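In: I'd like to go over a predicted model; first the sequence, then the structure.
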Amino acid sequence: MDKNNITKYALVTGGSRGIGKAICIQLAKDTSYHILINYQSNKQAALDTLESVKEAGGTGELLQFNVVDNEEVKSVLDNWHENNKDAIIEVIVNNAGITKDGLFMWMTSEDWNNVVNTSLNGFFNVTNHLIQKLLVQKYGRIINIVSLSGLKGTPGQTNYSAAKGAVIGATKALAQEIAKRKITVNAVAPGFIKTDMTGDLDEKELKKSVPANRFGDPEEVAHLVSFLASEKASYITGEVININGGIYS
């Protein structure tokens, strides 16, 4: 495929591992989007994801930036647009997120700010910088990966629950602002999914609290994201879609 002829792109933040990696691969399988795999520091993991995207029949490239750093986000994306004059990033998947768990009374301001900045300010920095082109084009898909924690709150995750809850509110507000421009904004709220982030959890014990009696797979989340990124999902906007095996039903 001649890269110069590709004008439609999908950006996945935090795309090198876990759910982000699965989303990159699924979009490569289901769509003709050229996948922009964002990562912060783990280049080898990002390269592995790129290889998987190619094996799935897609094309992609790496974009390194820290979603928390607004100036870096702008600089990298502006530089990319300079090199891809006609390109439009039509799908934005805000997946980057971190956890720094602990009881609130012992929580440091650093752990609070790092978690909130990554999920909430990361959403703002990336989406705010790219949204003008979507508005001009009058088409786009913005998909925010949130969490069960942002809906019901999880003890030991006050910072993460606050961050994801805030993104849920932003999703609903932004969806109403831009729906007339045929841009949808939705949130996907996973429960317990088998990734590095849940690797330290007691799966055997926790799955008892899940009606489906198991943890989910990243690929299951990716299928949902891929559908929301498609034209088929054009009348779904402002929604928070749970994918948690019935734990919050």
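Out: Yep, that arrived.

In: Where do the helices of the chain begin and end?
Out: Along the chain, counting by DSSP state H, helices occupy 18-30, 43-55, 70-83, 109-116, 122-137, 148-152, 158-178, 203-206, 218-228.

In: Name the stretch among those that sits most buried.
Out: Across these, averaging neighbours per residue (mean count of other Cβ atoms under 10 Å) puts helix 18-30 on top, at a mean of 25. (C-beta placed from N, C-alpha, C; glycine too.)

In: Outside of that helix itself, list whatever touches it.
Out: 10, 12-15, 33, 35, 37, 45, 48-49, 52-54, 56-60, 91, 93, 95-96, 145, 190, 193, 195-197, 217-219, 221-223, 225-226, 229-230 (Cβ atoms under 8 Å, 6 or more residues apart in numbering).

In: In CSV, list the helices of the chain along with distance to Val185.
Out: Formatted as CSV, the helices of the chain follow (distance: least, Cβ to Cβ, whole Å):
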stretch, distance to Val185
helix 18-30, 16
helix 43-55, 25
helix 70-83, 19
helix 109-116, 20
helix 122-137, 9
helix 148-152, 15
helix 158-178, 4
helix 203-206, 31
helix 218-228, 10
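
In: And those, which one averages the lowest pLDDT?
Out: Across those, helix 203-206 has the smallest mean pLDDT, namely a mean of 86.

In: Not counting its own residues, what contacts it?
Out: With contact meaning Cβ under 8 Å, 6+ apart, helix 203-206 is reached by Phe192, Lys194, Phe215.

In: go with 10 Å
Out: The contact list for helix 203-206, computed with Cβ atoms under 10 Å, 6 or more residues apart in numbering, reads Gly191, Phe192, Lys194, Thr198, Val210, Arg214, Phe215, Ile247.

In: For the third one, which non-adjacent residue is closest in space?
Out: Excluding the flanking residues, the one nearest Lys194 by Cβ to Cβ, 6 or more residues apart in numbering is Phe215, at 4.9 Å.

In: do the second one as well
Out: Of all residues not flanking Phe192 in the chain, Phe215 sits nearest, at 4.5 Å (Cβ to Cβ, 6+ apart).

In: ok, now the fourth one?
Out: Using Cβ to Cβ, 6+ apart and skipping the chain neighbours, the partner closest in space to Thr198 is Phe192 (5.9 Å).

In: Which residues lie in contact with the closest residue to Leu151 other than its chain neighbours in this structure?
Out: In this structure, Leu151 finds its nearest non-sequential neighbour in Ala189, 5.8 Å apart by Cβ to Cβ, 6+ apart. Going by Cβ under 10 Å, 6+ apart, Ala189 touches 144-152, 164, 167-168, 221, 240-244, 248.
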